[in-house]
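# Got a predicted structure here, sequence first:
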Amino acid sequence: MTANDKKHSKPGKPAARGIRQAMSDLHIWAGLLVGWILYAMFLTGTVSYFKEEISQWMRPEVAHQAAVPDAAEVVPRIAEELQQMVPGSSQWSLGMADARNNVVSAFWRIAKPAKGERGFGSAVFDPQTGQKVSSRETVGGEFFYRFHFQFHYMPVLWARWLASFCAMFMLVAIVSGVITHKKIFVDFFTFRWGKGQRSWLDAHNALSVFGLPFHAMITYTGLVTLMAMTMPWASSAAFKTQAERQAMQSEISAFVPAGKPSGQAVPLAPLGDMVRQAQQRWGADRIGRVTVNNAGDASARVIVTYGDFERVSISPKYMLFEGSTGKLLEVKDQVGAAAETRGVLYALHLGRFGDTTVRWLYFLTSLAGTAMVGTGLVMWTVKRRTKLPHPDKPYFGFWLVERLNIAAIAGLSIGMAAMLWANRLLPLGMEKRSDWEIHWFFILWGASLVWAMLRPAKRAWVELLWAGCAALALLPVVNVLTTDRPLWRSAIDGDWVFTGLELTLLALAALHGWLAIRTWRHQPKRKPQRQAAPRPAANSPVPAARDVESGATAASAAMAPDLQEARP
């Protein structure tokens, strides 16, 4: 061999990895490491677009209201009740009933909380009577909204840090995913059924592209809602004095501190007149909240706040009155450009500005985002299972990821349905009833993880999907047996909150049943194993070149059907 031949025979350096390969690894691991939390955040955030409707369903004792009550008449009724319930409270606030919410939500600060007691209280009131609602104790759909970004059973600050961390990973996964899939928009129109890994990739691509602008918007705006916590340095550097910080706070929030009472007892001026002034300025059905500071004191202040609905910004908009005289002290109608930008981004994330059609678009697109995260998690296991030396006996890391996928995806549906079951079945007078609704959510979710660890993967998928299907489908039946508001009666009465929610439950049950059937019928394709050619005997002659060529051709022809079947 010549020196030139030796030079060319040396193994070359491995080719440098391109940007797409690097982004592919980043996309995979950014999605996998926090994928289970992201799935829960996405799904609970999705249902939160209808949290008011869920809350109505979870309080069946409160009658459906066809018309929105007049806030100027409602506020004085409940204010009189609150002054008797919580005398000496430095602040109480009333969230008004509207077209989607049939109760008034009240919040107040406790003057002298006992040791171990929270410093605030809450209740819901009937806007027609002004009396405290004697319905079952429940947090309603508010739990799913709160869980979406601060989880449960952990300090709120830590939970919000965790949510921010996961949202950052989600944003990285979205950007790296777009870079990785150079034909992502073309692949959106391609879906191949029954092709194993190829099918999961097609589904992941289609779901990603379908709502790509929405997914990017919802992730980025979610980070904006928590930016004061995650990046406090800018505001700390810009606003150094207490007065400057209060001015900054007034730009982003309608909250007005109560301050110290004067000690001089003065009755409140008629609250209805103050609300009327706000209605004349904004409209009769635009009142979102009424807050009273130091009621019954000369320093009392009344804040009437504009609602978030039909306004693509949640920047503060309110009217401030002197509580003892009813005199208008301040009108907050606009904020600076930076605060308004934050208000718009925040409102885009919450989606409260939209009508029913817009909320359904939010819901469906966000549900597609939930499925995007779920298919990405499943695709990780589908892709790697074909490379395992023994697919039926995977290594521990693969086994753990697969079980976490089952519990995070199929188990979460069971847990959410379990909370609705608990709402109907727990005794009405049970102590800490609302807490136990939440406990059952986590108990059934945790039980699904245990089940997934004890069963073969495919059986666990199928069994838990069928369990989720049954739990969702039977909720309207449980409602018939435990309340006097069955589905057919709600439809006849025009109560589209109850009707729409229960029809949605049935549709989601059908989706879980379809997934269970598809999973049961799925047969993973195994790669064909090449058989080693028999070695020639020691005393046999070496086959001629023509014989070798014809043998290779025959082997290729014999393997052709298998190779054709294995091709995606």
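In hand now; what should we look at? Numbers count the residues shown, from 1 in each chain.
# so where do the helices sit in the stretch 101-250 of the chain?
Remark: helices assigned in the stretch 101-250 of the chain by DSSP state H, counting those that start in this stretch are 142-150, 156-180, 184-187, 197-210, 212-225, 227-230, 233-238, 242-252.
# So which residues make contact with the first one?
This points to helix 142-150. With contacts defined as CB atoms under 8 Å, 6 or more residues apart in numbering, helix 142-150 is touched by 40-41, 44-45, 47-48, 51, 54-55, 152, 156, 159-160, 163, 222, 225-226, 416, 419, 437-438, 441. Bear in mind the C-beta positions are built from the backbone N, C-alpha and C, glycine included.
# swap in the second one?
Taking CB under 8 Å, 6+ apart as the criterion, the residues outside helix 156-180 that touch it are 19-20, 23-24, 26-27, 30-31, 33-34, 37-38, 41, 148-152, 184, 208, 212, 215-216, 219-220, 222-223, 226, 229-230.
# Report the buried residues of that helix.
159-160, 162-164, 166-178, 180 (16 or more other CB atoms under 10 Å).
# The last one now?
Residues of helix 242-252 classed as buried: 248-252 (neighbour count, 16+ other CB under 10 Å).
# ok, now stretch 388-395?
Neighbour-count burial for stretch 388-395, with 16+ other CB under 10 Å as criterion, is recorded at residue 394.
# mind checking how far residue 247 is from residue 517?
Taking CB to CB, to the nearest Å as the measure, residue 247 falls 60 Å from residue 517.
# Surely residue 211 is in contact with residue 367?
No. Contact between residue 211 and residue 367 fails when scored by CB atoms under 8 Å: they sit 9.1 Å apart.
# So, low pLDDT: which residues of this structure?
Along the chain, segments meeting pLDDT under 70 span 1-17, 116-117, 182-205, 524-568.
# for it, which helix is longest?
helix 356-385 (DSSP state H).
# Can you spell out which helices and strands pack onto it?
Counting contacts by 3 or more CB pairs under 8 Å, 6 or more residues apart in numbering; DSSP states H and E, helix 356-385 packs against helix 19-33, helix 35-47, helix 197-210, helix 212-225, helix 396-406.
# Redo those as CSV? Include distance to residue 79 and mean neighbour count.
Shown next, in CSV, are the helices and strands packed on helix 356-385 (distance: least, CB to CB, whole Å; neighbours: other CB atoms under 10 Å):
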stretch, distance to residue 79, mean neighbour count
helix 19-33, 50, 16
helix 35-47, 33, 23
helix 197-210, 48, 20
helix 212-225, 31, 18
helix 396-406, 50, 17
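# Redo those helices as a markdown table? Include distance to residue 101.
A markdown table is the format used below for the helices and strands packed on helix 356-385 (distance: least, CB to CB, whole Å):
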| stretch | distance to residue 101 |
| --- | --- |
| helix 19-33 | 36 |
| helix 35-47 | 16 |
| helix 197-210 | 31 |
| helix 212-225 | 22 |
| helix 396-406 | 36 |
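# closest one to residue 361 among those?
Among the helices and strands packed on helix 356-385, the nearest to residue 361 by CB to CB is helix 212-225 (8.8 Å).
# Residues in contact with that closest one: which ones?
Around helix 212-225, the neighbours that count as contacts under CB under 8 Å, 6+ apart are 45, 149, 163-164, 167-168, 170-171, 174, 178, 208, 230, 342, 345-346, 348-349, 365-366, 369, 372.
# now it against helix 35-47, angle please.
Angle, helix 212-225 to helix 35-47, by axes from the mean of the first three to the mean of the last three CA atoms, to 10 degrees: 100 degrees.
# Quick one: distance of helix 212-225 to the chain centre.
12 Å (CA atoms, centre = their mean, to the nearest Å).
# Name the residues that touch stretch 390-405?
So stretch 390-405 is contacted by 32, 36, 377-378, 380-381, 384-385, 388, 449, 452-453, 457, 460, 524, 526 (CB under 8 Å, 6+ apart).
# run the last query once more with 6 Å
36, 377, 381, 385, 388, 452-453, 457 (CB atoms under 6 Å, 6 or more residues apart in numbering).
# wait, which of those residues is closest to residue 425?
Set against residue 425, the nearest of these by CB to CB is residue 452 (25.0 Å).
# Report the inter-axis angle for the longest helix of the chain versus helix 396-406.
Interaxial angle, helix 356-385 versus helix 396-406 (the same axes, to 10 degrees): 160 degrees.
# If we go by neighbour counts, what in helix 356-385 is buried?
Under the neighbour-count criterion of 16+ other CB under 10 Å, helix 356-385 has 359, 362-363, 365-382, 384-385 buried.
# Now do it: distance to the chain's middle.
Taking CA atoms, centre = their mean, the mean C-alpha location of helix 356-385 is offset from the chain mean by 11 Å.
# cool, and stretch 206-219?
Here stretch 206-219 is found 14 Å from its chain centre; the criterion is CA atoms, centre = their mean.
# distance between the ends of it?
Start-to-end span of stretch 206-219 (CA to CA, to the nearest Å) is 19 Å.
# And for the helix or strand harbouring residue 92, what's in contact with it?
Using DSSP states H and E, residue 92 maps to strand 91-95. By CB under 6 Å, 6+ apart, the residues outside strand 91-95 that reach it are 78, 82, 104-109, 258, 289-293.
# what two of the residues you listed have the greatest distance between them?
104 and 258 (20.5 Å).
# what's the distance between residue 75 and residue 302?
In terms of CB to CB, residue 75 sits 9 Å off from residue 302.
# What of residue 365?
40 Å.
# list the buried ones in stretch 462-473?
Applying a neighbour-count criterion of 16+ other CB under 10 Å, one finds 462-469, 471-473 buried in stretch 462-473.
# Using JSON lines, please lay out those residues together with secondary structure and distance to residue 134.
Converted to JSON lines, those look like this (DSSP: H, G, I helix; E, B strand; the rest coil; distance: CB to CB, whole Å):
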{"residue": "462", "secondary structure": "helix", "distance to residue 134": "44"}
{"residue": "463", "secondary structure": "helix", "distance to residue 134": "40"}
{"residue": "464", "secondary structure": "helix", "distance to residue 134": "38"}
{"residue": "465", "secondary structure": "helix", "distance to residue 134": "39"}
{"residue": "466", "secondary structure": "helix", "distance to residue 134": "38"}
{"residue": "467", "secondary structure": "helix", "distance to residue 134": "34"}
{"residue": "468", "secondary structure": "helix", "distance to residue 134": "33"}
{"residue": "469", "secondary structure": "helix", "distance to residue 134": "35"}
{"residue": "471", "secondary structure": "helix", "distance to residue 134": "29"}
{"residue": "472", "secondary structure": "helix", "distance to residue 134": "29"}
{"residue": "473", "secondary structure": "helix", "distance to residue 134": "31"}
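# Which one of the residues you listed is nearest to residue 114?
For the buried residues of stretch 462-473, the minimum distance to residue 114 (CB to CB) is 39.2 Å, reached by residue 471.
# what about the closest residue in space to the closest one that isn't next to it in sequence, how many neighbours?
In space, and not counting its chain neighbours, residue 471 is closest to residue 417: 3.8 Å by CB to CB, 6 or more residues apart in numbering. As a burial measure, residue 417 scores 25 neighbours (other CB atoms under 10 Å).
# Nice, that's everything, thank you.
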